[in-house]
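In: below are the sequence and a predicted model; questions follow.
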Amino acid sequence: MVRVSSQFRRSGGKGAGEIKAAACGWKEGNGGGPAPGAEIKEYKERAGGAFQAAFKAAYKTMCLTIPAKVIAIDNPVPGFPVANITVEDSKGRKEIKSLWLPELKVGDWVLYAYDTAIRKVSEEDAREILELLEPKKHIDISALDTGFLEVLKGHSTGNLSRDGIVRLLKTEDPLEMETLFAEANTVRQASLRDFFCIHGIMEFSNHCAMNCFYCGLRRDSADVVRYRMTPDEIVGAVEDAVNRRGYKLIVLQSGDDFHYTDIKLVEIIRRIKKSSKVFIFMSVGERSIECYRRMKAAGASGVLFRFETSNREIYNLIHPGQSYDRRMELLKGMKELGYYIASGFLIGLPGQTAEDIADDILAMKALKVNMASIGPFIPCASTPLATHQAGSAEMTLKVTAVLRLLMPRAKIPVTTALETIESEEGRRLGLSSGANSLMFNLTPERYRGDYRIYPNKYHGKEEVWEKYGLFNEELSYRMLEKKMFEAFEVLK
Ligand code: SF4
């Protein structure tokens with residue numbers, strides 16, 4: 001049964017019963033969170049089992065927070081830190097607990113996780129995050145082509161074929177596209193509720209031994225101001241991102257820069273793991289599988305390693321001196337090592353067809369990637385593809401939506417490339433089409449402008465998102481750990 005109808009029941013209103021999306025967290029000193037250790041102990045002693053249950057729930061689900069309006073409060077013990085409350089969100093009313101929110105009143109807005117409200121937020125803040133994700137239009141599906149609806153239904157029965165994917169990718173009908181995006185958004189909600197998260201990427205070197213046709217950092221680009229961050233700079237910048245801004249997962253990215261030997265990379269990972277509670281993803285290109293084994297042993301959790309296209313002809317054309325087979329072999333080897341795999345492809349490459357993109361999507365599914373990283377090609381001066389047309393935002397959103405239909409529980413970030421061609425709207429569009437995470441640039445300002453894979457990289461309003469999506473606490477690290485573990489279980 002196609003689920004589009006559930007999506008469209010909601011109007012564009014902003015009442016508590018119409019909440020569409022959300023997510024977030026709590027930050028220290030921002031109006032909530034558990035009391036310091038001594039108070040916890042005291043409350044534990046006073047509350048016994050009730051405390052344990054509430055704390056356990058919050059502990060287990062800290063990352064998954066959703067704005068909701070408080071409808072009723074039942075607090076049998078004045079001053080007691082746990083109260084039973086009723087909240088209302090997009091799925092209706094729900095009985096939950098509030099934890100350390102003694103000032104909470106009916107009509108307030110909270111962020112809740114699983115069955116525990118963990119932070120009070122202003123209505124303005126709640127609406128701010130809802131506004132970022134709320135679809136703007138009401139969709140009438142009665143006018144849709146029945147063939148299109150049949151294809152769309154296919155995902156719920158596991159029958160979305162290559163031809164069906166091509167049909168979805170080729171549509172240019174505005175109503176069909178909106179329906180596709182809305183369906184993907186519904187699948188995201190059904191599979192992951194309204195959970196999304198924010199991760200960081202730190203580009204520590206823009207030197208590269210490769211010569212990819214689409215990339216401004218390619219070896220032959222003469223106009224690039226090259227830089228390398230020292231291990232001290234990398235470790236310090238990660239510490240700042242983790243301890244001051246609350247990041248819990250950071251991708252360390254560079255070109256294929258062998259100045260950083262295996263030993264140096266391993267040492268950097270070890271130092272970061274020693275000084276910061278953070279998941280490290282490595283995006284350092286084609287190294288030996290032994291290097292990846294050593295980085296894993298040092299503490300790296302994941303890799304960001306895109307295959308860019310599954311069309312060998314296109315791959316060979318734009319990757320001189322590289323081999324598609326070697327790349328795929330490496331990816332499989334990384335998976336066997338137990339890495340959390342982030343991979344993906346470019347949209348809008350020369351000669352690429354909708355059929356090619358359907359194959360790319362199916363390759364992602366076959367690889368069982370944990371994180372699907374896709375983005376539009378953006379031309380960059382001084383590269384062989386400088387005059388080639390950019391990939392479209394529309395196709396990027398369609399691909400995002402189809403990926404969500406096929407991989408309901410995968411992490412799908414909105415990539416900076418989409419934000420670059422769509423500016424501020426890119427994030428909302430991406431998240432409204434099935435994406436569920438954001439990847440913010442953490443490269444120190446002095447280097448950021450020189451990591452120019454393509455020009456005019458977008459960044460903006462990160463602080464608004466950080467306010468809702470990051471945590472400073474140990475608990476959120478554990479939550480992410482649990483989510484990553486679940487992703488492995490689901491994709492096994
Ligand atoms: S895409 Fe990566 S490997 Fe290719 S030139 Fe750019 S930085 Fe180097």
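Out: Cool, the structure landed. Numbering: from 1, shown residues only.
In: read off the pLDDT value for the nearest residue to Ser122 once chain neighbours are set aside.
Out: Counting by CB to CB, 6 or more residues apart in numbering, Trp109 is the residue found nearest to Ser122 once chain neighbours are left out, at 6.8 Å. For every residue, glycine as well, the C-beta is placed using N, CA and C. We have a pLDDT of 91 for Trp109.
In: again with the one 3 residues further on
Out: Among the per-residue scores, Tyr112 holds a pLDDT of 77.
In: which residues pair with it across the strands?
Out: Beta-bridge partners recorded for Tyr112 (DSSP bridges): Ile66, Ala117.
In: OK, contacts around it?
Out: By CB atoms under 8 Å, 6 or more residues apart in numbering, the residues touching Tyr112 are Thr65, Ile66, Ala68, Val87, Ile96, Ile118.
In: can you tell me how far the most centrally placed residue in the chain sits from Gly246?
Out: The centroid of the chain falls nearest to Ser437 when counting by CA atoms, centre = their mean (2.2 Å). Distance from Ser437 to Gly246, counting by CB to CB, to the nearest Å: 15 Å.
In: may I have the one helix or strand Val402 maps to exported as CSV, CA atoms only?
Out: Assigned by DSSP states H and E, Val402 belongs to helix 393-406. Taking Å, rounded to 0.1, in the frame of the first residue of the first chain, the C-alpha atoms of helix 393-406 are listed here in CSV:
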residue,chain,number,x,y,z
ALA,A,393,19.4,20.0,-7.9
GLU,A,394,16.2,18.4,-9.2
MET,A,395,17.9,15.2,-10.2
THR,A,396,19.9,15.2,-6.9
LEU,A,397,16.6,15.4,-4.9
LYS,A,398,15.1,12.7,-7.0
VAL,A,399,18.1,10.4,-6.4
THR,A,400,17.9,11.2,-2.6
ALA,A,401,14.3,10.3,-2.6
VAL,A,402,14.8,7.0,-4.5
LEU,A,403,17.7,6.1,-2.2
ARG,A,404,15.5,6.6,0.8
LEU,A,405,12.8,4.4,-0.7
LEU,A,406,15.3,1.6,-1.3
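In: residues in contact with it?
Out: With CB under 8 Å, 6+ apart as the test, helix 393-406 has contacts from 152, 155, 160, 165, 168-169, 171-172, 177, 180-181, 183-185, 187-188, 347-348, 357, 361, 364-365, 372, 374-376, 410, 412, 417-418, 421-422, 426, 429-430, 433-435.
In: please apply the same query to stretch 160-176.
Out: Defining contact as CB under 8 Å, 6+ apart, one finds that stretch 160-176 is touched by 139-140, 143-145, 147-148, 151-152, 154, 177, 180, 354-355, 357-359, 361-362, 394-395, 398-399, 401-402, 405-406.
In: filter those down to just the buried residues.
Out: Neighbour counting by 16 or more other CB atoms under 10 Å classes 139, 144, 148, 151-152, 154, 177, 180, 354, 357-359, 361-362, 394-395, 398-399, 401-402, 405-406 among the contacts of stretch 160-176 as buried.
In: which parts of the helix or strand encompassing Asp163 are buried?
Out: Per DSSP H and E: Asp163 is located in helix 162-170. Residues of helix 162-170 classed as buried: Gly164, Ile165, Val166, Arg167, Leu168, Leu169, Lys170 (neighbour count, 16+ other CB under 10 Å).
In: mean confidence for that helix?
Out: 97.
In: now stretch 216-227
Out: Here the average pLDDT along stretch 216-227 is 94.
In: need the buried residues of helix 162-170 in TSV (columns: distance to Gly321).
Out: As requested, the buried residues of helix 162-170 are exported to TSV (distance: CB to CB, whole Å):
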residue	distance to Gly321
Gly164	37
Ile165	32
Val166	32
Arg167	37
Leu168	35
Leu169	31
Lys170	34
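In: ok, now which ones touch Asp220?
Out: Asn211 are the contacts of Asp220 under CB under 8 Å, 6+ apart.
In: 10 Å instead?
Out: Going by CB atoms under 10 Å, 6 or more residues apart in numbering, Asp220 touches Cys208, Asn211, Pro320, Ser382, Thr383, Pro384.
In: ok, now how distant is it from Cys197?
Out: Asp220 sits at a distance of 37 Å from Cys197 (criterion: CB to CB).
In: residue ranges of the helices in the stretch 151-300 of the chain, please?
Out: 162-170, 174-192, 231-243, 262-275, 289-298 (DSSP state H, counting those that start in this stretch).
In: report the next helix or strand after the last one in sequence order.
Out: Read it as helix 289-298. Counting by DSSP H and E, what follows helix 289-298 is strand 302-304.
In: tell me which of the helices of the stretch 151-300 of the chain approaches Lys335 most closely.
Out: helix 289-298 (10.4 Å; CB to CB).
In: just checking, what packs against the closest one?
Out: Using 3 or more CB pairs under 10 Å, 6 or more residues apart in numbering; DSSP states H and E, the elements in contact with helix 289-298 are helix 262-275, strand 279-283, strand 302-304, helix 324-337.
In: go with 8 Å
Out: helix 262-275, helix 324-337 (3 or more CB pairs under 8 Å, 6 or more residues apart in numbering; DSSP states H and E).
In: ok, back up a step: out of the contacts of Tyr112, who has the most neighbours?
Out: Thr65 (32 neighbours; other CB atoms under 10 Å).
In: in the host helix or strand of Tyr447, what counts as buried?
Out: With secondary structure defined by DSSP H and E, Tyr447 is part of helix 445-448. Buried residues in helix 445-448, counted by 16+ other CB under 10 Å: Tyr447.
In: which parts of the stretch 101-250 of the chain sit against the ligand?
Out: Counting by CB under 6 Å from any ligand atom, the positions of the stretch 101-250 of the chain adjacent to the ligand are Cys208, Met210, Cys212, Cys215, Leu217, Arg218.
In: redo these as a markdown table? Include neighbour count and distance to Ser283.
Out: Converted to a markdown table, those look like this (neighbours: other CB atoms under 10 Å; distance: CB to CB, whole Å):
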| residue | neighbour count | distance to Ser283 |
| --- | --- | --- |
| Cys208 | 23 | 12 |
| Met210 | 17 | 13 |
| Cys212 | 23 | 14 |
| Cys215 | 20 | 13 |
| Leu217 | 26 | 13 |
| Arg218 | 21 | 16 |
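In: let's have those residues in JSON lines, adding distance to Leu330.
Out: Formatted as JSON lines, those follow (distance: CB to CB, whole Å):
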{"residue": "Cys208", "distance to Leu330": "17"}
{"residue": "Met210", "distance to Leu330": "14"}
{"residue": "Cys212", "distance to Leu330": "16"}
{"residue": "Cys215", "distance to Leu330": "18"}
{"residue": "Leu217", "distance to Leu330": "20"}
{"residue": "Arg218", "distance to Leu330": "20"}
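In: closest one to Gly449 out of the residues you listed, please.
Out: Distances from Gly449 to these, taken by CB to CB, are shortest for Leu217, at 12.6 Å.
In: thought Val82 was touching Asp74, still the case?
Out: No - the criterion here is CB atoms under 8 Å, and Asp74 misses it with Val82 at 11.0 Å.
In: local confidence estimate at the closest residue to the ligand within the stretch 51-200 of the chain?
Out: Nearest residue of the stretch 51-200 of the chain to the ligand: Gly200, at 18.5 Å (CB to the nearest ligand atom). pLDDT, Gly200: 92.
In: give me the distance between it and Thr230.
Out: For Gly200 relative to Thr230 (CB to CB), the value is 19 Å.
In: please say which of the two ends up with more neighbours.
Out: Neighbour comparison, Gly200 and Thr230: the larger count goes to Gly200, with 27 against 10 (by other CB under 10 Å).
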